[in-house]
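Undergrad: After the sequence you'll find the predicted model.
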6 protein chains.
Amino acid sequence: MKLTHINENGDAHMVDVGEKDITRREAQAQAVVTMQPETLRMILSDRTKKGDVLGCARIAGIMAAKRTAELIPMCHAIPIDNVTVDIEPQNDTQLRIVVTARCTWKTGIEMEALTAASTAALTIYDMCKAVDRGMHIDEIYLLHKSGGKSGEFRREEALPGSPIR
Amino acid sequence: MKLTHINENGDAHMVDVGEKDITRREAQAQAVVTMQPETLRMILSDRTKKGDVLGCARIAGIMAAKRTAELIPMCHAIPIDNVTVDIEPQNDTQLRIVVTARCTWKTGIEMEALTAASTAALTIYDMCKAVDRGMHIDEIYLLHKSGGKSGEFRREEALPGSPIR
Amino acid sequence: MKLTHINENGDAHMVDVGEKDITRREAQAQAVVTMQPETLRMILSDRTKKGDVLGCARIAGIMAAKRTAELIPMCHAIPIDNVTVDIEPQNDTQLRIVVTARCTWKTGIEMEALTAASTAALTIYDMCKAVDRGMHIDEIYLLHKSGGKSGEFRREEALPGSPIR
Amino acid sequence: MKLTHINENGDAHMVDVGEKDITRREAQAQAVVTMQPETLRMILSDRTKKGDVLGCARIAGIMAAKRTAELIPMCHAIPIDNVTVDIEPQNDTQLRIVVTARCTWKTGIEMEALTAASTAALTIYDMCKAVDRGMHIDEIYLLHKSGGKSGEFRREEALPGSPIR
Amino acid sequence: MKLTHINENGDAHMVDVGEKDITRREAQAQAVVTMQPETLRMILSDRTKKGDVLGCARIAGIMAAKRTAELIPMCHAIPIDNVTVDIEPQNDTQLRIVVTARCTWKTGIEMEALTAASTAALTIYDMCKAVDRGMHIDEIYLLHKSGGKSGEFRREEALPGSPIR
Amino acid sequence: MKLTHINENGDAHMVDVGEKDITRREAQAQAVVTMQPETLRMILSDRTKKGDVLGCARIAGIMAAKRTAELIPMCHAIPIDNVTVDIEPQNDTQLRIVVTARCTWKTGIEMEALTAASTAALTIYDMCKAVDRGMHIDEIYLLHKSGGKSGEFRREEALPGSPIR
């Protein structure tokens, strides 16, 4: 087992995807934002009106997905088929962001889904930080991927040290 | 109490920082990446040689800090004085990323610190995902901020639902 | 009278703003999107629910303002104090976008306001083009500016050939 | 009839283009910049020499086309085959910009053509604004598109409220 | 013989690549950075420890390759298969950067290789300039390209005025 | 003597410029492009007409200067006062690019001048490569800088191994 992004000299490099098949690929990733109950009430009551915190977070996530390869050094730019960002309250202190991204290309779209989830979460933090600086973001991970040579992955159980309940 | 990024019509907007004082400001934020023990051993043994996973993550974090305002819709572009990204193992399954960012400007630098921490964590995920797709990122939060009208913030205790131990 | 962005050799260049005073500056610009009445009804009924066409256009305008200097070759990057994007129906076929942008800097913020108005208009076009390819965008101009050596400008009357009513 | 960029929940999303055919597509869009006769004379006399206002606007348009998906939130990044930007005087107060863009891909290239036309127009404004702040930009619309499932579109006549003569 | 990026009117334009075949293409380019012997010793001794000057330059080169089409006005954005950046000392005052880039697309990848080499060289300059402002960068050229209609190119001998030894 | 961008742990970092004085700073840098005499004749005859190769290179240089901090990992984003790019033939095979950049800020503007010179040179290569793949770029260095604590630098003589005549 070796790290594919480190070559024989120990240097970071981009993996060559030239020989890989173009297949339909999908990835689903999530993030959870935890806040004070009052903060979540403000976001959701706003949502009833115009939804700008969650609407803004969704748009930020979609736009970040398109710029993943600019942010993650060894990541290939890939043509995205689509991205959806869903945000739902989990309980009275948590919002869960679920991103689904698809491409038809030579390499997977996990990093785009994770980057979108993370950026949507940071956007919620930014828009609410003046009222709740203690918010935190957790449980950013891949839920599912399909397509490509490495095949299907579906998250089953938590790793050691995981905050997943 | 109201959300500063939502105006009287419920629309997202950028807060006007024109009247704010230019002061020295600092923010410190963190993220934790959890992985299999074998994955962490590979990263650290590589580090002994040339450190490219952690070196790459540090550089990705610094570069992302400079692009925060492009990613977070309502965030102001600010001139950054400096950013440092420190990454240390916490135990045999976790790496902790601590980012310190400083500016001398009209608005704070929290989002830059959080964006750097989150992007450094995503870069570690990207470089190791071929060997460990179950990695997860948690505990992204502000550790400390100083400067500006809202004064000093230092994280003391966990919020409800927090995975912080 | 000469073009300030063309030097003595006829070459495009950036004007030197090094000696200019740092003052509070404001610019207000607009754009008008014309469409079929049915298209406007769909946007506005959607707005009653969650406002995503107009919300998305507002966010796109704000984000584009921050990237003006990347798009307009001879434009200086300036630290923006704030940007607001207001979008209102004018009649049963037109939406009017009004952008107000402010900075405290050595050069004006007109281009940011105009770029935001134009990008918000293009976003409305993009989101509705599948139902109305004949939409058009007009009346992109500066409404008002203040601050800086060239002083105040307020649009009074239409130029020859202007579609302004 | 419904807006394709708004999903069943009323949220903005990117349309999935994964199943669409890869075909040769073309779009042609325009913009008109209106100014004082003296301003147009200065631009054109400069053109006789080195053409930097129009040359700069053409280059800005081409470069903006390549960044359309970064600016327009729900727009897919597409590999552009080529872009041409033609700028010609229409009379003694107006310049007309016509952009032709082509791709061989799953989705159309209208937004790239419109973004190029709009950015070229804004660049002309920027380079001449010191001598003519009253310039305005109008008649940004699609002239023609071909390729793809929605087939050919050719603009025939003006919509209600249109400034097209 | 004519310049392909200048059309019949003398205007810069993007060449239309719509009819070109998708083939595997490779380009290799280089740059040489010359410095004081003491500067090179510091870089290399650092390398023995953690390699951050060269590691940072390699990452900067790879990331710049992905953004070539944003920097070079008439360059097409292409999906990169991979990029590698190798940096080796040539003697006691020179580092040589060799970049190999590959794509499977309609147009070549030379500009990506050259942009990566040039950006890696500038990064070395940036990180060492405080101790050696006289450093210079030379011998940026294409070493080899293959694939596409123009076929194979391999650099054989120096042109007039060339500093190549 | 130590490398300022490498901290006590050997990690790359951004230097803290928070305590530095805001002063007027200038940097001048150059690059030389060598080509076949026939290539240079084509560029210059084109220039007599509309100057698009050199005009395009000048604009690319100015736009690249504004994005230096996105390309060079440890470089601070600085507000640029102005950039000029002059390109003149040196003899029958060489074009010399001289960039002058100015800012009024806490850190110098050398990297912006060097990045502009390098990008202008790459743009000339790109636009002429179809007729002359053997072109090369050399002699990228700082000519002069002033302002800031490190004071004035003026290039006097060549370093060992330098191609400077």
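TA: Here it is on my side, so go on.

Undergrad: Isn't residue A:125 up against residue A:133?
TA: No. When contacts are counted by C-beta atoms under 8 Å, residue A:125 is not listed as touching residue A:133 (9.1 Å). Every C-beta, even on glycine, is put in place using the N, C-alpha and C of the backbone.

Undergrad: out of these two, which sits in the busier spot?
TA: Between residue A:125 and residue A:133, counting by other C-beta atoms under 10 Å in any protein chain shown, residue A:125 is the more crowded of the two (27 against 17).

Undergrad: How much space separates the more buried one from residue A:65?
TA: Remark: distance between residue A:125 and residue A:65 (C-beta to C-beta, to the nearest Å) = 18 Å.

Undergrad: How about residue A:142?
TA: Remark: distance between residue A:142 and residue A:65 (C-beta to C-beta) = 14 Å.

Undergrad: Could you do residue A:134 as well?
TA: Distance of residue A:134 to residue A:65, given as C-beta to C-beta: 28 Å.

Undergrad: Have a look at these two and say which one is more surrounded.
TA: Residue environment comparison for residue A:134 versus residue A:65 gives the larger neighbour count to residue A:65, 25 against 18, counting by other C-beta under 10 Å.

Undergrad: wouldn't residue A:129 be in contact with residue B:107 here?
TA: No. With contact defined as C-beta under 8 Å, residue A:129 does not count as touching residue B:107 (11.3 Å).

Undergrad: neighbour count winner among those two?
TA: residue A:129 (24 against 21).

Undergrad: Spatially, what comes nearest to the more buried one if we skip its sequence neighbours?
TA: What sits nearest to residue A:129 in space, not counting adjacent residues and going by C-beta to C-beta, 6 or more residues apart in numbering or on different chains, is residue B:110, at 6.5 Å.

Undergrad: quick one, what contacts that neighbour?
TA: For residue B:110, the residues meeting the contact criterion (C-beta atoms under 8 Å, 6 or more residues apart in numbering or on different chains) are A:129, A:133, B:27, B:29, B:142, B:145.

Undergrad: Can you spell out which residues form a bridge with residue A:97?
TA: Beta bridges link residue A:97 to residue A:31, residue A:87, judged by DSSP bridges.

Undergrad: how many other residues sit next to it?
TA: Count around residue A:97 with other C-beta under 10 Å applied: 28.

Undergrad: Surely it and residue A:28 touch.
TA: No. Using C-beta under 8 Å as the test, residue A:97 is too far from residue A:28 to be in contact (11.2 Å).

Undergrad: for chain A, what spans make up the strands?
TA: A:23-34, A:80-89, A:94-105, A:136-146, A:153-154 (DSSP state E).

Undergrad: wait, what's in contact with the residue nearest the centre of chain A?
TA: Centrality entry for chain A: nearest residue to the mean C-alpha point is residue A:114, 2.4 Å, by C-alpha atoms, centre = their mean. Applying C-beta under 8 Å, 6+ apart, one finds that residue A:114 lies in contact with A:27, A:29, A:99, A:140-142, B:122, B:125.

Undergrad: Select the longest helix from chain A.
TA: As assigned by DSSP state H, the longest helix anywhere in chain A is helix A:110-128.
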